[in-house]
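below is the sequence, then the predicted model.
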Amino acid sequence: MNFLTSLQICNTCPLADELDAIPSSLCPVNMGQIQRFFFVRKGEVIWDSVTPANNIPASIASEVIEDATAWNTLFTASGALSGKTIYTPLIGGDSQITPGTELTEGGGDNTTLSGVILSNGTNPADGQARFDGLEAAQIKPFRKLNCENVEVYFVNQANKIIARKDGDLITGFPLLKLYFGTKDNAGLNSRDSNLMTFQLNSDYDEYLHVITPTFNALTISI
């Protein structure tokens, strides 16, 4: 699915016989405050929710995403294609995801037929988080992520892991862009901080999956 161009997304020929029904729900989904990130290189970790024996990498085969055993394996992994996963310190604040804006053309002028506004897609969703008082040894690996192709799992204040689920498969959300900025110093009575910004596909919310782990993902220290 193209996250930018709704013309490609909507160009489905022939159309389905009928509209898809919107199911009712008794459990509203709210992401809450994101307080920690898990990062892994794109494609290196895939959880099969139906047949865990098919999990990737083989080191977590038959493990389930809720349990500490599998995550500990990933956090301590090493080597190429090992699924090495890292977790961040707790976020200092300013954690938010802003939805992508609509890309439009024309509207009330002669550039489109009858002056109609054309919807040409949606910009990526923009996210950010602030980390306070980081040491140099923490900043260096953070900044190396600027040059990586990574996926992210979110951990919220309720100790829920928020992941991407497509069919039976669960992964992190692929990041289109990640940038870890320079330490900010505002002087007396203030905390130094580094702002991390990132972008997600505009349709990331169509694959939102909330997991209740059997361990505390906010207090882990490996």
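Happy to help now that I have it.

any chance you could map the strands in the chain?
Using DSSP state E, the strands of the chain run over residues 34-41, 47-48, 85-87, 93-98, 102-105, 118-122, 125-132, 150-156, 161-166, 169-171, 173-180, 193-200, 208-211.

by contact count, what packs against the shortest one?
The reference is to strand 47-48. strand 169-171 (3 or more Cβ pairs under 8 Å, 6 or more residues apart in numbering; DSSP states H and E). (C-beta placed from N, C-alpha, C; glycine too.)

just list what the strand it packs on packs against, helices and strands only.
Using 3+ Cβ pairs under 8 Å, 6+ apart: strand 169-171 touches strand 47-48, strand 161-166.

any idea of the mean pLDDT in it?
Per-residue pLDDT over strand 169-171 has a mean of 98.

quick one: strands adjacent to that strand?
strand 47-48 (antiparallel), strand 161-166 (antiparallel) (DSSP bridges).

save the ones you listed as a markdown table, and put in mean neighbour count too.
Below are the strands paired with strand 169-171 laid out as a markdown table (neighbours: other Cβ atoms under 10 Å):
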| stretch | mean neighbour count |
| --- | --- |
| strand 47-48 | 20 |
| strand 161-166 | 18 |
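
could you dump the ones you listed into TSV and include mean pLDDT and distance to Tyr204?
Shown next, in TSV, are the strands paired with strand 169-171 (pLDDT from 0 to 100; distance: least, Cβ to Cβ, whole Å):
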stretch	mean pLDDT	distance to Tyr204
strand 47-48	98	17
strand 161-166	98	7
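
do you know how far Asn149 is from Asn123?
Separation of Asn149 from Asn123 (Cβ to Cβ, to the nearest Å): 20 Å.

kindly report the same for Leu175.
With Cβ to Cβ as the criterion, Leu175 and Asn123 are 15 Å apart.

the two: which has the busier surroundings?
Leu175 (22 against 15; other Cβ atoms under 10 Å).

that one touches Tyr153, doesn't it?
No: using Cβ atoms under 8 Å, Leu175 makes no contact with Tyr153, being 11.3 Å away.

run through the bridge partners of the most centrally placed residue in the chain.
Central residue of the chain (Cα atoms, centre = their mean): Phe173, 3.7 Å from the mean position. For Phe173, the beta-bridge partners under DSSP bridges are Val152.
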